[in-house]
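K.L.:
no sequence for this one, just the structure:
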DNA sequence: CGCACTCTTGAAAGTACTCAAACTTAGTGG
DNA sequence: CCACTAAGTTTGAGTACTTTCAAGAGTGCG
């Protein structure tokens, strides 16, 4: 790993080792993030993905500050007033809803570049918990500012709609998984999806370190933790994976995809 | 039922028995709907809900036309280019996604005042099928026009975000249902939700006519049609419902809600 | 009136769950 | 440094639930 220019923020006290772009001088005393969107190394997978350089630059004043969240602490909780979206900068999150009967359901896992918080727009209150699964850092995006800005930029406006639409479509995929798949199909889908997202972020993807417990995977997949564990063991026995606790090495991705699609019914 | 003023549209050939507001003269020959949003009787549950009278009026040019869809025909299909959202005016729809293995999953049922089509924004192609379950009529809302208009109206802009957010939250609820509930809890949740939405539309809600088959309910709930049927029979035996095919009378809604919440685990 | 479709019900099979115990790993404090 | 603890994981055995397969009944349309 090579040394990179380090910029740090005197207010949120975060240190940015990732970007080579130094922070600009804060205008009128406002707190500015160490790195603006236009210079962020996540810009191609985060909120600004695909935007023109011009539209990206317009977003720079948007990210008000960074926020650090320690492992197992909430970024927000059900019932918290909604004011902003969050872009994961480093780390890993889960979001989960709690049913009336007290049952928890993990609705998603979010990694660098992914956005959190859309659940709160409709009621102005967050409707799920967002919990960090490792020490993490997020960019805080004030939502009313995002709306204001997007009224001046059709490109940014459409971007927001696209991202929310994709979240809806993603959830359709989860419903497909929960609605009809067998345990092993579910786990295979989950792993292939994780693999895909890791590759987008430049990881080889043959080997990965799971950030969540078997129970959290199970909750997401609608399975009990024992069933998840058994499915992992099955995949290992069949030579698809090498599993050592949370270390998973994918040995036969094609077979994994086959498991995922082969609806025996 | 009392006679209401009837306005009909010479282009889409639809007849509107619901509204008492007559169509205005079409400007510059453009096709105008029989009833604009500002005068629509669904305005308090549809896209304009909660908007100021002013914002509502700004929406009037938005609804380009009406479209009729016959029972079992698609409003749109997976892969169709996305150009507009649809507001259900009369009738009933289901949306369903098809997995890679050819399995279908119903992702939702939509009734009057509810919006369809958000799935298409992200990729500019629709990612699910929307099928009419009875002869239906929708208002076509050109999406680029909606975006243009919402750049001039913070209120309308926020409305779109709210509606998409609520769709995300709704799907969280479905994930909770699919992820952890037993068959009878699922069906009870489904019925209570349907009841709620019918009441919002002014129906008594003790009695309802299901528009979908047991198989479609099962697909939505992640169950086989036989299991849905058995659960209906169970509810009837227990005196919660009176079921005659698709006619369902709710006899004990409190008990139904109890079934829904009582997580034995 | 008959055919097609949908719904109901029964019996058997299969899948995931529950309960329980042993094992691994990481963190803590003596 | 190591024992100890707590949390997480694996595995087994028995159970509960849903599915599958099958047959029959009800409903609606041509």
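P.N.:
Received the coordinates, thanks. Quick caveat, the model's predicted, so the values are computed rather than measured.

K.L.:
residue A:236 contacts residue A:242, correct?
P.N.:
Yes. Using C-beta atoms under 8 Å as the test, residue A:236 is close enough to residue A:242 to be in contact (6.5 Å). Glycine gets a C-beta too; all of them are placed from N, C-alpha and C.

K.L.:
pretty sure residue A:135 is in contact with residue A:89, am I right?
P.N.:
No. Using C-beta under 8 Å, residue A:135 is not in contact with residue A:89; the gap is 11.7 Å.

K.L.:
got a list of what the closest residue to DNA strand D within the stretch 1-150 of chain A touches?
P.N.:
For the stretch 1-150 of chain A and DNA strand D, the shortest gap (C-beta to the nearest atom of the strand) falls at residue A:72, measuring 8.1 Å. Going by C-beta atoms under 8 Å, 6 or more residues apart in numbering or on different chains, residue A:72 touches A:131, A:132, A:133.

K.L.:
in stretch A:131-144, which residues are buried?
P.N.:
Residues of stretch A:131-144 classed as buried: A:131, A:132, A:133, A:136, A:137, A:138, A:139, A:140, A:141, A:142, A:143 (neighbour count, 16 or more other C-beta atoms under 10 Å in any protein chain shown).

K.L.:
now, which of the residues you listed sits nearest residue B:112?
P.N.:
residue A:143 (30.2 Å; C-beta to C-beta).

K.L.:
and residue A:95, that one's in a strand?
P.N.:
Yes. Counting by DSSP: H, G, I helix; E, B strand; the rest coil, residue A:95 is located in a strand.

K.L.:
got the contact list for it?
P.N.:
A:106, A:107, A:108, A:109, A:110, A:116, A:119, A:128, A:129, A:130, A:131.

K.L.:
out of those residues, who's near DNA strand D?
P.N.:
By C-beta under 7 Å from any atom of the strand, no member of the contacts of residue A:95 lies near DNA strand D.

K.L.:
name the nearest of those residues relative to DNA strand C.
P.N.:
Among these, and counting by C-beta to the nearest atom of the strand, the member closest to DNA strand C is residue A:106, at 13.6 Å.

K.L.:
which residues are in contact with the helix or strand hosting the closest one?
P.N.:
Assigned by DSSP states H and E, residue A:106 belongs to strand A:104-111. For strand A:104-111, contacts defined as C-beta under 8 Å, 6+ apart pick out A:88, A:91-99, A:116, A:128, A:130, A:133, A:170-171, A:174, A:194, A:197-198, A:201, A:211-212, A:216, A:219-220, B:172, B:175-176, B:179-180.

K.L.:
strand partners (parallel or antiparallel) of that strand?
P.N.:
Strand A:104-111 sits in its sheet next to strand A:92-98 (antiparallel), going by DSSP bridges.

K.L.:
what parts of the stretch 151-265 of chain A come near chain B?
P.N.:
Residues of the stretch 151-265 of chain A lying close to chain B by C-beta under 8 Å from any C-beta of the partner chain are A:151-152, A:154, A:157-158, A:160-169, A:171-176, A:178-180, A:219-222, A:260-263, A:265.

K.L.:
what residues does the stretch 151-265 of chain A put near DNA strand D?
P.N.:
Checking the stretch 151-265 of chain A against DNA strand D by C-beta under 7 Å from any atom of the strand, the hits are A:210, A:213-215, A:225-226, A:228-230, A:232-233, A:243, A:245-246, A:265.

K.L.:
check the residues you listed and tell me the two furthest apart.
P.N.:
A:245 and A:265 (32.9 Å).

K.L.:
filter the residues of the stretch 151-265 of chain A next to DNA strand D to the buried ones?
P.N.:
Buried residues within those, counting neighbours by 16+ other C-beta under 10 Å: A:210, A:214, A:215, A:228, A:229, A:230, A:232.

K.L.:
and DNA strand C, which of the residues you listed contact it?
P.N.:
Of those, not one also sits near DNA strand C (C-beta under 7 Å from any atom of the strand).

K.L.:
got those residues as JSON lines, with pLDDT columns?
P.N.:
Formatted as JSON lines, those follow (pLDDT from 0 to 100):
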{"residue": "A:210", "pLDDT": "96"}
{"residue": "A:214", "pLDDT": "97"}
{"residue": "A:215", "pLDDT": "97"}
{"residue": "A:228", "pLDDT": "98"}
{"residue": "A:229", "pLDDT": "98"}
{"residue": "A:230", "pLDDT": "98"}
{"residue": "A:232", "pLDDT": "98"}
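
K.L.:
for chain A, give me the ranges with low pLDDT.
P.N.:
For chain A, applying pLDDT under 70 flags the ranges A:1-35, A:263-265.

K.L.:
please redo it, this time with the cut-off set to 80
P.N.:
Judged by pLDDT under 80, chain A has its weakly predicted residues at A:1-35, A:64, A:204-205, A:262-265.

K.L.:
what's around residue A:126, how many residues?
P.N.:
The tally of other residues near residue A:126 (other C-beta atoms under 10 Å in any protein chain shown) stands at 25.

K.L.:
now it, nearest residue through space, not along the chain?
P.N.:
Excluding the flanking residues, the one nearest residue A:126 by C-beta to C-beta, 6 or more residues apart in numbering or on different chains is residue A:120, at 4.2 Å.

K.L.:
what's near enough to touch that neighbour?
P.N.:
Contacts of residue A:120 (C-beta under 8 Å, 6+ apart): A:76, A:80, A:81, A:82, A:126, A:127, B:165.

K.L.:
quick check: the gap between it and DNA strand C.
P.N.:
30 Å (C-beta to the nearest atom of the strand, to the nearest Å).

K.L.:
next: residue A:213.
P.N.:
12 Å.

K.L.:
just checking, that residue touches residue A:229?
P.N.:
No. Applying C-beta under 8 Å, one finds residue A:213 not in contact with residue A:229, separated by 10.4 Å.

K.L.:
overlap in contacts, the two.
P.N.:
Counting by C-beta under 8 Å, 6+ apart, nothing touches both residue A:213 and residue A:229.

K.L.:
related to what we said a few turns ago, mind checking which of the contacts of strand A:104-111 are in helices?
P.N.:
A:170-171, A:174, A:194, A:197-198, A:216, A:219-220, B:172, B:175-176, B:179-180 (DSSP state H).

K.L.:
quick one: those residues as JSON lines, columns for distance to residue A:50 and neighbour count too.
P.N.:
Below are these laid out as JSON lines (distance: C-beta to C-beta, whole Å; neighbours: other C-beta atoms under 10 Å in any protein chain shown):
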{"residue": "A:170", "distance to residue A:50": "17", "neighbour count": "16"}
{"residue": "A:171", "distance to residue A:50": "22", "neighbour count": "20"}
{"residue": "A:174", "distance to residue A:50": "24", "neighbour count": "25"}
{"residue": "A:194", "distance to residue A:50": "23", "neighbour count": "19"}
{"residue": "A:197", "distance to residue A:50": "17", "neighbour count": "18"}
{"residue": "A:198", "distance to residue A:50": "20", "neighbour count": "17"}
{"residue": "A:216", "distance to residue A:50": "31", "neighbour count": "20"}
{"residue": "A:219", "distance to residue A:50": "32", "neighbour count": "24"}
{"residue": "A:220", "distance to residue A:50": "28", "neighbour count": "25"}
{"residue": "B:172", "distance to residue A:50": "27", "neighbour count": "22"}
{"residue": "B:175", "distance to residue A:50": "28", "neighbour count": "25"}
{"residue": "B:176", "distance to residue A:50": "33", "neighbour count": "23"}
{"residue": "B:179", "distance to residue A:50": "32", "neighbour count": "25"}
{"residue": "B:180", "distance to residue A:50": "37", "neighbour count": "21"}
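
K.L.:
tell me the one of these nearest DNA strand C?
P.N.:
residue B:180 (8.0 Å).

K.L.:
how about the strands in the stretch 151-265 of chain A?
P.N.:
Assigned by DSSP state E, counting those that start in this stretch, the strands in the stretch 151-265 of chain A fall at A:207-209, A:241-244, A:247-250.

K.L.:
pull up the pairing partners for the first one, direction included.
P.N.:
It stands for strand A:207-209. For strand A:207-209, the paired strands and their directions (DSSP bridges) read strand A:247-250 (antiparallel).

K.L.:
which residues sit against the strand it pairs with?
P.N.:
Counting by C-beta under 8 Å, 6+ apart, A:191, A:195, A:205-210, A:232, A:240-243, A:256 sit against strand A:247-250.
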